[in-house]
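*Asks:* Fold the following, please.
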Amino acid sequence: MVGVLERSFVIRFGCEGSRILGVSPYLRTLVLAALLAITGCESERMAPVSFQVRSEGDAPAVAARIALEAFGVARTGDRYIEDWQAAIQMVALDERKRALPLLEDLIASARFDQLNSAQQHAGLLLGGLVSLDQLDDSYAHRLFVRSTAMPEAILGDWSGRYVTASALGDRADALTSVATLLHRWPNEAADLSLDTLIGNIQIDPEGEQREAEFMALNALFDARFKERGAEPSSWWGILAAELVERGDLHRAARVVDRIDRPRTLLAMRVDRRFDALVEEDPQAFDIQVAARKQSENLERSVELYPRNLTAVLQLENAYFEAHRFADMLQTADTVISRVTAAGSINAVYDGVTTLRRIYRFRGLALEAMHRDDEAEAQYRSAADEEENFGGVLDLAEFYADRNRAADALAALRYLPGNDRSLAPYGRMEARLIRLTAAQSMNDRSEAQSCLTYLREHQSDSIDVFQVALVRADKSNEAAELITTRLKDPKLRRQALLEVQSYAWPIEPPVVRDANARWARILERPEVKAAIASVGRRERFEIPPQS
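*Replies:* Next up is the predicted model:
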């Protein structure tokens, strides 16, 4: 039965389910604990499972002892208890679909309220996990909410509540659950998946979940949370900002010490809200030092977790920011060689099906090393991969930025449905490429059509619209837009990043002309005043965001 529950979590939640199961023996034996509590484990059928769990260590033994103390030996002749035994037997025999309706009836029965607290907890736990396995997230979540309110609640109750709340999109409850997990079981819960957490934690100054998000971030920080050895620097930047706003500069400084991502530190350094922190410890905001530190940390992470492609992609980005383009290329080539030799991606890396982002980093490295012919070949090869729409955009952008308009438009024809196959941000990128191509061909009608689309959909990506205005030589509107963004607290961070001066390793003709135009816009008195009111403009020896 342990295997049954492990499979159910992995099937339903992929890496997240696997990781939750992997961090605690408690969660692997939840159903067994419920079974022992309800039946006393007197049947021969269940004895082998009992032996298996008890042999796994202290946590299963504790779970068994708690269950046995709750129920002792089950009474005979009690139809209600016999029904529980029948449901548990169905689960043991991998007949979970049959078991779920019976469990629902047993939990809904008036007899359930007559059970003592430990017995109720065991039943709710079993019902929650079986309904989770049967993809009934709503019912499972209701049971986990009840079980976590009980004094017997363990790691598994809160893990189930967290997973189901996340699946249902209930951010408030997911945040409450993860904060509880990290507070009560920091060692077991600190390895929760960043992929799931990231959908829940995104502090909005006016959001309804601000306090829950703040609590969760603090819990993550106190638990020294890392994603397979890597600091989630963007989260620590969010937490530091919230602490500064609340006047807790001492703790904010401690949080900054954990940030190793140059762009996160840069965003704080150029924002007046963080002046007190920057003045207290200027070296903590040294961007070049941070770039070196980030690369070193991620190199260790890749060594510790060789099957984690995400760590490799983060390292590639770190190499790009540190201008280590030869290392970028070598790393990409190593990944591709390993996968080719193994015959499949999954033989080398967990949880991925494509090397598309590796191909992109390889192309960027070749561009930065001024090996444009090889970069073009790389982008073309990636674009030929089935449904690699990002690769198509990379190839089209490569051509458009070099005034090869016909080639750019030909590349975009790989996209089915005239860009409708793309996500909103992708459609904005595609229109920007079409705008660039139209200008190269002096096609004013098409350029105006693209600009109209980008203006009407600017909420999909206001930074892409900003670039479009500059490329279209709409300097007045571009100046007005950046000023508006700087004044808006929700848009200010990205706007401040965009007004900085960077070391561009890749600056083809179209980009070079746009950069010169952008520099003139930033020198306008009204734009300079808007920047000075909320931050500052500096020169940084890292590339702009790739």
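
*Asks:* what about the helices in the stretch 51-200 of the chain?
*Replies:* 58-71, 79-92, 96-108, 117-133, 137-148, 155-168, 171-184, 186-189, 194-198 (DSSP state H, counting those that start in this stretch).

*Asks:* Adding mean neighbour count, mean pLDDT and distance to Ala342, write those out as JSON lines.
*Replies:* Heads up, the C-betas are built off the backbone N, CA and C, glycines and all. What follows is these, written out as JSON lines (neighbours: other C-beta atoms under 10 Å; pLDDT from 0 to 100; distance: least, C-beta to C-beta, whole Å):
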{"stretch": "helix 58-71", "mean neighbour count": "18", "mean pLDDT": "37", "distance to Ala342": "35"}
{"stretch": "helix 79-92", "mean neighbour count": "19", "mean pLDDT": "75", "distance to Ala342": "38"}
{"stretch": "helix 96-108", "mean neighbour count": "17", "mean pLDDT": "89", "distance to Ala342": "35"}
{"stretch": "helix 117-133", "mean neighbour count": "25", "mean pLDDT": "84", "distance to Ala342": "32"}
{"stretch": "helix 137-148", "mean neighbour count": "22", "mean pLDDT": "94", "distance to Ala342": "36"}
{"stretch": "helix 155-168", "mean neighbour count": "25", "mean pLDDT": "87", "distance to Ala342": "31"}
{"stretch": "helix 171-184", "mean neighbour count": "22", "mean pLDDT": "82", "distance to Ala342": "35"}
{"stretch": "helix 186-189", "mean neighbour count": "18", "mean pLDDT": "70", "distance to Ala342": "32"}
{"stretch": "helix 194-198", "mean neighbour count": "18", "mean pLDDT": "58", "distance to Ala342": "24"}
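
*Asks:* Do I have it right that Met441 meets Arg404?
*Replies:* No. Counting by C-beta atoms under 8 Å, Met441 sits too far from Arg404 to count as a contact (10.6 Å).

*Asks:* More neighbours: those two, which one.
*Replies:* For Met441 versus Arg404, the count of surrounding residues by other C-beta atoms under 10 Å is larger for Arg404: 19 against 15.

*Asks:* That one: what's it in contact with?
*Replies:* By C-beta atoms under 8 Å, 6 or more residues apart in numbering, Arg404 lies in contact with Ser440.

*Asks:* change the start of the numbering to 54 and stick with it
*Replies:* Sure, I'll start numbering at 54, so the last one becomes Arg457.

*Asks:* which stretches of the stretch 204-353 of the chain have low pLDDT?
*Replies:* Using pLDDT under 70 as the threshold, the predicted model of the stretch 204-353 of the chain has low-confidence ranges 241-262.

*Asks:* coming back round to it: in a markdown table, list the helices of the stretch 104-253 of the chain along with distance to Asp516.
*Replies:* Shown next, in a markdown table, are the helices of the stretch 104-253 of the chain (distance: least, C-beta to C-beta, whole Å):
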| stretch | distance to Asp516 |
| --- | --- |
| helix 111-124 | 48 |
| helix 132-145 | 51 |
| helix 149-161 | 48 |
| helix 170-186 | 40 |
| helix 190-201 | 35 |
| helix 208-221 | 28 |
| helix 224-237 | 25 |
| helix 239-242 | 35 |
| helix 247-251 | 20 |
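
*Asks:* For Val297, find the nearest of those.
*Replies:* Nearest to Val297 among the helices of the stretch 104-253 of the chain is helix 224-237; the distance by C-beta to C-beta comes to 20.9 Å.

*Asks:* gap between that closest one and the chain center?
*Replies:* On the basis of C-alpha atoms, centre = their mean, to the nearest Å, helix 224-237 is displaced by 17 Å from the centre of the chain it belongs to.

*Asks:* Then stretch 160-178?
*Replies:* Its chain's average C-alpha position is 37 Å from that of stretch 160-178, according to C-alpha atoms, centre = their mean.

*Asks:* bridging residues for Ser554?
*Replies:* Each beta-bridge partner of Ser554 is listed here, defined by DSSP bridges: Arg592.

*Asks:* one step back: and the helices of the stretch 104-253 of the chain: which comes nearest Asn370?
*Replies:* When these are ranked by distance to Asn370, counting by C-beta to C-beta, first place goes to helix 247-251 at 15.2 Å.

*Asks:* what element comes up after the closest one heading to the C-terminus?
*Replies:* Scanning the chain past helix 247-251 towards its C-terminal end, the next helix or strand to appear is helix 263-275 (assignment: DSSP states H and E).

*Asks:* Run the chain-centre distance for that next one.
*Replies:* Distance, stretch centre to chain centre, for helix 263-275: 16 Å (C-alpha atoms, centre = their mean).

*Asks:* So which elements touch the helix or strand following it?
*Replies:* Sequence-wise, the next helix or strand beyond helix 263-275 is helix 286-298, with elements assigned using DSSP H and E. For helix 286-298, the helices and strands in contact under the criterion 3 or more C-beta pairs under 8 Å, 6 or more residues apart in numbering; DSSP states H and E are helix 263-275, helix 302-309, helix 315-322, helix 328-333.

*Asks:* The same query, at a cut-off of 6 Å, please.
*Replies:* Using 3 or more C-beta pairs under 6 Å, 6 or more residues apart in numbering; DSSP states H and E as the contact definition, the elements that helix 286-298 packs against are helix 302-309, helix 315-322.

*Asks:* for those helices, which one ends up most surrounded?
*Replies:* Burial of the helices and strands packed on helix 286-298 is given as mean neighbour count (mean count of other C-beta atoms under 10 Å); helix 315-322 ranks first at a mean of 23.

*Asks:* Show residues contacting it.
*Replies:* In this structure, residues lying in contact with helix 315-322 by C-beta atoms under 6 Å, 6 or more residues apart in numbering are 286-287, 290, 312, 327, 331, 338, 340, 343-344, 374, 546, 550, 595.

*Asks:* Among these, find me the one that's closest to Ala202.
*Replies:* For these, the residue nearest Ala202 by C-beta to C-beta is Ser287; the value is 33.3 Å.

*Asks:* Without its sequence neighbours, what residue ends up closest to the closest one?
*Replies:* Leaving out its chain neighbours, the residue that sits closest to Ser287 by C-beta to C-beta, 6 or more residues apart in numbering is Thr317, at 5.8 Å.

*Asks:* try Thr536
*Replies:* Across the structure, with C-beta to C-beta, 6+ apart as the measure, the residue nearest Thr536 apart from its sequence neighbours is Ala583 (4.4 Å).

*Asks:* Which strands and helices lie in contact with the helix or strand containing the one you found?
*Replies:* When elements are defined using DSSP H and E, Ala583 is found to belong to helix 578-587. If contacts are counted by 3+ C-beta pairs under 6 Å, 6+ apart, helix 578-587 sits against helix 528-540.

*Asks:* Could you export the helix it packs on as CSV, CA atoms only?
*Replies:* Coordinates of the C-alpha atoms in helix 528-540 are reproduced here as CSV (Å, rounded to 0.1, in the frame of the first residue of the first chain):
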residue,chain,number,x,y,z
SER,A,528,10.2,59.2,-29.0
ASN,A,529,7.5,61.4,-27.4
GLU,A,530,5.3,58.5,-26.6
ALA,A,531,8.2,56.4,-25.5
ALA,A,532,9.3,59.2,-23.1
GLU,A,533,5.7,59.5,-21.8
LEU,A,534,5.5,55.8,-21.2
ILE,A,535,8.7,55.3,-19.3
THR,A,536,7.8,58.3,-17.1
THR,A,537,4.4,56.8,-16.4
ARG,A,538,6.0,53.5,-15.5
LEU,A,539,8.5,55.1,-13.2
LYS,A,540,5.7,56.8,-11.3
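
*Asks:* Over it, what's the mean pLDDT, rounded is fine.
*Replies:* When pLDDT is averaged along helix 528-540, the result is 98.

*Asks:* That one versus helix 578-587: what angle between them?
*Replies:* Comparing the axes of helix 528-540 and helix 578-587 via axes from the mean of the first three to the mean of the last three C-alpha atoms, to 10 degrees yields an angle of 10 degrees.

*Asks:* What segments of the stretch 404-553 of the chain are helices?
*Replies:* Listed in chain order (using DSSP H, counting those that start in this stretch), the helices of the stretch 404-553 of the chain are 409-421, 425-436, 442-453, 458-465, 477-493, 497-509, 515-524, 528-540, 545-551.
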